[in-house]
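Colleague: Pasted the sequence and its predicted model underneath.
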Amino acid sequence: MRKAQVVFIPSSGLSHLVSTLEFAKLLINRDNRFRITVLVMKLPNTSEPDVYIDSLPISDSLQIVNLPECSLPPNTDLASALFVLPEAQKSNVKQAVANLTAEEQQHGPLAAFVVDMFCTTMIDVAKEFSIPALVFFTSSVASLGLTLHLHTLFEGDNLDSTMLLQKNELAVPSFANAVPINSIPSFMLDKEWESFFKSLASGLKKPNGIIVNSFEELESHAVQSFFSHPDLASLPIYPVGPLLNPEPKTKSTADSDDIIKWLDDQPPSSVVFLCFGTRGYFDEDQVKEIALAIENSRARFLWSLRKPSLKGFMLAASDYSLLDLISLLPEGFLDRTAETGKVIGWAPQTRILAHPATGGFVSHCGWNSTLESIYFGVPIAAWPLYAEQQANAFELVCELKLSVEIALDYREQFNSERNYVATAEKIERGIRRVLFKDGELRKKVKEMSEKSRKTLLEGGSSYTYLGNLIDYIKNHV
């Protein structure tokens, strides 16, 4: 039986790559008539994706093609790299796809492109090969709606960011409540980021449909807005999530085994886990406030404390040495908390969230982390930092009532400057609420956890949307 070939083009960021490949696996498991080729672009001088790719079960249905590395102009910042790299890789993508079409007799016809939200320039390549292009959006449906709505205001109503900043809040179709201006991500409002935002948003209006890593049971209002609001109804969406790997095959290290052994000795739901993603780090003043909050809360804790990359925001944080930690943290902190907690570097996040001892999660509200937390039934204390995390945090706390607030208006610019230092009192209050106080919140999160596990099974909304998507692709072969 010949298969229909689908080309996946993920962004170079690891969190985008992971959820894209989870979707590829989901598609193949649901329908064995697909053959997927993933074209991997790497930023120069990074090996981040390699470890993950090496752990994948490559089969006749899933092949990975590493595109040739191409150099970027010197001093390219993160925002530029997200668009410059796909543009620079266009000719390599055309060549790789031409090779696939040459094998059509053997492997089947080319059926569709699935491109990352930062790779919409590749829609042009799909058009050259006369096949539909779908965008894979790695955040929430609400965030997608916000991006499209703001772009429409900027383009159609001649609004600009300066005018928006004079308002207190904004009505957005994909949110049930008006969104405070300080919960709108800074890259959508900052003059310096205007061309980045416009490229991103206009690209999202070009595909034949958008696949979203979310599910209707979680974001019912946002999903319905795409069927009912005139500005959004023309763009088909397929919420097929949650796409996550609950048992990632990362190499077990002595450190990660130590962490799990320590958790094994703690009572159920007694530990707060503090972790802020691959680029989540703080300066010394903020680290001291977090330490004070942890100590004052008397909570058992696991704190993933990372060191800023010297090469700027594009690279992931690294781990501190013990000597660094001793000088960074308040004097005697490690000794005083030795019985109740651990300060760690890189964290095996899914294993920690899945552990019965974990009772709360202080998180930056990156969307992958949010979905994992909901899946494992761990309530979040929300502390967004950058990208679209402010909008995610607002949705979780104010719309869905699945999180408590630490600092919804906290934001980090891409030059690593923060707008303020969150106080120990604020952080302690969040830890206490998420761990000790809010039984109603825990109950709601457990209920949503059940729904997140059922939605991909027959009868669930994500199962149905995935079926609709498969029909769409098959009808275009």
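Modeller: Good, I have the coordinates.
Colleague: for the residue nearest to residue 368 when sequence neighbours are not counted, what are its contacts?
Modeller: Nearest non-adjacent residue to residue 368, counting by Cβ to Cβ, 6 or more residues apart in numbering: residue 15, 5.2 Å away. All C-beta atoms are positioned from the backbone trio N, CA, C, and that covers glycine. By Cβ atoms under 8 Å, 6 or more residues apart in numbering, the contact list for residue 15 reads 138, 277-278, 366, 368.
Colleague: what's the answer for residue 100, then?
Modeller: 5, 7, 37, 107, 110 are the contacts of residue 100 under Cβ under 8 Å, 6+ apart.
Colleague: residues near the second one, how many?
Modeller: Looking back up the chat, that one is residue 7. Number of residues near residue 7 (other Cβ atoms under 10 Å) recorded here: 25.
Colleague: For residue 192, see how far away residue 423 is.
Modeller: 29 Å (Cβ to Cβ, to the nearest Å).
Colleague: how about the helices in the stretch 51-200 of the chain?
Modeller: For the stretch 51-200 of the chain, helices defined by DSSP state H, counting those that start in this stretch occupy the ranges 78-88, 90-102, 104-107, 123-128, 141-156, 161-165, 186-189, 194-204.
Colleague: Can I get stretch 182-190 in PDB, CA atoms only?
Modeller: The C-alpha trace of stretch 182-190 is given here as PDB (Å, rounded to 0.1, in the frame of the first residue of the first chain):
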ATOM      1  CA  ASN A 182      -0.300  44.300  31.100                       C
ATOM      2  CA  SER A 183      -1.200  40.600  30.300                       C
ATOM      3  CA  ILE A 184      -0.700  41.200  26.600                       C
ATOM      4  CA  PRO A 185       2.800  39.800  25.700                       C
ATOM      5  CA  SER A 186       5.400  42.600  25.200                       C
ATOM      6  CA  PHE A 187       6.400  41.400  21.700                       C
ATOM      7  CA  MET A 188       2.800  42.300  20.600                       C
ATOM      8  CA  LEU A 189       3.100  45.900  22.000                       C
ATOM      9  CA  ASP A 190       6.700  46.900  21.800                       C
END
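Colleague: what's the offset of it from the middle of its chain?
Modeller: 17 Å (Cα atoms, centre = their mean, to the nearest Å).
Colleague: Pull out the buried positions in it.
Modeller: 182-189 (16 or more other Cβ atoms under 10 Å).
Colleague: Those into TSV, with extra columns for pLDDT and distance to residue 65?
Modeller: What follows is the buried residues of stretch 182-190, written out as TSV (pLDDT from 0 to 100; distance: Cβ to Cβ, whole Å):
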residue	pLDDT	distance to residue 65
182	93	43
183	95	39
184	95	38
185	92	33
186	89	35
187	90	31
188	92	34
189	89	38
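Colleague: circling back to that earlier point, please indicate which of the helices of the stretch 51-200 of the chain has the most neighbours on average?
Modeller: Most buried of the helices of the stretch 51-200 of the chain, by mean neighbour count (mean count of other Cβ atoms under 10 Å): helix 141-156, with a mean of 22.
Colleague: Give me the mean pLDDT for the helix or strand hosting residue 224.
Modeller: According to DSSP states H and E, residue 224 maps onto helix 220-228. The average pLDDT within helix 220-228 is 97.
Colleague: where does it sit relative to the chain's centre, distance-wise?
Modeller: With Cα atoms, centre = their mean as the basis, helix 220-228 stands 21 Å off its chain's centre.
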